[in-house]
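*Asks:* This is a predicted model, with the sequence first.
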Amino acid sequence: MNRTTQAAEEALRVANMELAARNEALESEAGERERRIRAESAQAEAEEANAAKDRFLAMLSHELRTPLSPIVHAVTLLEEIECPPAIREHIATIRRNVRLEARLIDDLLELARIRNGKLRLELQPVDVHEVLRQAMKICHADLAERRIRVVEKLEAPEPHVRGDYARLQQVFWNLLTNAAKFSPEDSIIEVRTFATEPGGRISIEITDQGIGIASEKLDRIFDAFEQGGRHSQAGLGLGLAICKALVEMHSGVIAAHSDGPNRGATFVIRLPAATSAEQPNGEQNHNVPAPPGLRLLVVEDHHDTLATLTRLLTRRGYIVRTAGSIAECLDVSREFEYDVLISDIGLPDGRGTELLDQLKALHGTLPPAIAMSGFGMDEDVECSQQAGFSEHLTKPVEFSALQQAISRLAPPTAR
């Protein structure tokens, strides 16, 4: 009897142990499942927050860009009028500050794209000297206004890298405008290139004689919203953060050096050199204006933008008809045979992408179309192209850029 009892007790003990182990395993599994659910929920919330932030930035960009467009067009019209030098200086001031405002908006979106991993480089063999000279040409007006002289010492024997022409130009332009912004009038900016090692890296140095950078600020100079103690100047402090990200995307490094306040600063970029087998490719030149006499249908619901743009196009000899909505555009298209369509994306009765579908359904064919929108995120451009727009220009659009786009799309018989 005792043996039977002992055996039963042992069996019960073993069963309890197995049950306890199983309970422990189930609790562990339940805990792991709960942690996984929490992690997935947190990730979903983070992704939704990022998506909401992207939507907010896109809408903010649109709302900020739209009122800049008629200002840009109006300034272009004013530049064509004979006026006293003092008035012309005021017009130049307006254009310069509109460009600055547009650059600040671009910087906000650019940093968001980089942080979200949505920025893609178009890599090709590039001549660094050519890109630097182009960046200096773009900065010429700002430098000349302050009588700042650029000294070129482009001494790298093989100045070719594998990079994105436009992005490298953006980096050099940013550094040059920074140097000009923080330098006194009648000073010198030195631009120098040299080979760090044969077939290894090419170094680019941009040195100014400006206000310098305090030593304790150097480590933070490339952080977003950091200006290195230069808060008296305009800007959000995003330019250098974007430069750093773009250089690193090219497998390069960027650094800053200064001996202290009022002793100037030097920015150094080192990029991997291209192999000797790769030949450099310059930026394609499409700067041929379209001939006058082209028939354009312009769809835009912002009255000031439509008025100033129409006047500019008409003065250039284009035949222009306008509409402020999808419905109005469809009515105009029934009796006006146009060569190129120029349309905003956000219209009162739908989107520009829907307009293309309706025009194609109405006429069977669709002439070339240019989207001109305050929405300029990568996905906005992709959406426009998928809908059938051949070009997507982000507001505010320089009139010369619009003319180039029209030229690229003009029917061969009109060229």
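*Replies:* In hand now; what should we look at?

*Asks:* C-alpha from now on. contacts and neighbour counts both.
*Replies:* Will do.

*Asks:* pLDDT weak spots in the stretch 301-415 of the chain?
*Replies:* For the stretch 301-415 of the chain, applying pLDDT under 70 flags the ranges 413-415.

*Asks:* swap the cut-off to 80 and go again
*Replies:* 377-378, 412-415 (pLDDT under 80).

*Asks:* And the strands in it?
*Replies:* 319-323, 340-343, 346-347, 350-351, 369-373, 391-394 (DSSP state E, counting those that start in this stretch).

*Asks:* I'd like the domain boundaries of the protein, if you could list them.
*Replies:* 124-272, 295-414 (automatic domain parsing).

*Asks:* I'd like the ones you listed laid out as JSON lines, including mean neighbour count and distance to residue 101.
*Replies:* Listed next are the domains of the chain as JSON lines, based on neighbours: other C-alpha atoms under 10 Å; distance: least, C-alpha to C-alpha, whole Å:
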{"stretch": "domain 124-272", "mean neighbour count": "19", "distance to residue 101": "9"}
{"stretch": "domain 295-414", "mean neighbour count": "18", "distance to residue 101": "10"}
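
*Asks:* To residue 61, which of these lies closest?
*Replies:* domain 295-414 (6.5 Å; C-alpha to C-alpha).

*Asks:* returning to that earlier point: JSON lines for the strands of the stretch 301-415 of the chain, including distance to residue 53?
*Replies:* Formatted as JSON lines, the strands of the stretch 301-415 of the chain follow (distance: least, C-alpha to C-alpha, whole Å):
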{"stretch": "strand 319-323", "distance to residue 53": "33"}
{"stretch": "strand 340-343", "distance to residue 53": "27"}
{"stretch": "strand 346-347", "distance to residue 53": "20"}
{"stretch": "strand 350-351", "distance to residue 53": "22"}
{"stretch": "strand 369-373", "distance to residue 53": "20"}
{"stretch": "strand 391-394", "distance to residue 53": "20"}
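
*Asks:* re earlier: any chance of the domains of the chain in JSON lines, with distance to residue 87 too?
*Replies:* As requested, the domains of the chain are arranged in JSON lines below (distance: least, C-alpha to C-alpha, whole Å):
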{"stretch": "domain 124-272", "distance to residue 87": "16"}
{"stretch": "domain 295-414", "distance to residue 87": "20"}
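
*Asks:* Downstream of the helix or strand of the chain with the lowest mean pLDDT, the next helix or strand is which one?
*Replies:* When each helix and strand of the chain is scored by mean pLDDT, DSSP states H and E, helix 2-65 comes last, with a mean of 77. On the C-terminal side of helix 2-65, the nearest following helix or strand under DSSP states H and E is helix 68-79.

*Asks:* separation between residue 90 and residue 40?
*Replies:* Using C-alpha to C-alpha, to the nearest Å, residue 90 is found at 56 Å from residue 40.

*Asks:* just residue 319 next, same as before
*Replies:* For residue 319, the distance to residue 40 - C-alpha to C-alpha - is 57 Å.

*Asks:* One more: residue 343?
*Replies:* 42 Å.

*Asks:* what's the answer for residue 381, then?
*Replies:* 31 Å.

*Asks:* mind checking the end-to-end distance for stretch 320-333?
*Replies:* End-to-end distance (C-alpha to C-alpha), stretch 320-333: 12 Å.

*Asks:* So what touches that stretch?
*Replies:* 295-302, 306, 310, 313-314, 336, 347-350, 352, 355, 358-359 (C-alpha atoms under 8 Å, 6 or more residues apart in numbering).

*Asks:* So which of those residues sit within helices?
*Replies:* Members of the contacts of stretch 320-333 lying in helices (criterion: DSSP state H): 306, 310, 313-314, 352, 355, 358-359.

*Asks:* tell me the SS of residue 204?
*Replies:* Secondary structure assignment for residue 204 (DSSP: H, G, I helix; E, B strand; the rest coil): strand.

*Asks:* Now do the same contact list for it.
*Replies:* Here residue 204 is in contact with 191-194, 268-270 (criterion: C-alpha under 8 Å, 6+ apart).

*Asks:* So which bits of the helix or strand hosting residue 92 are buried?
*Replies:* Here residue 92 sits within helix 85-115, counting by DSSP H and E. Within helix 85-115, the residues scored as buried using 16 or more other C-alpha atoms under 10 Å are 91-92, 95, 98-99, 101-102, 104-113.

*Asks:* hmm, back to that, right, so of the strands of the stretch 301-415 of the chain, which gets closest to residue 81?
*Replies:* Nearest of these (C-alpha to C-alpha): strand 319-323, 21.8 Å.
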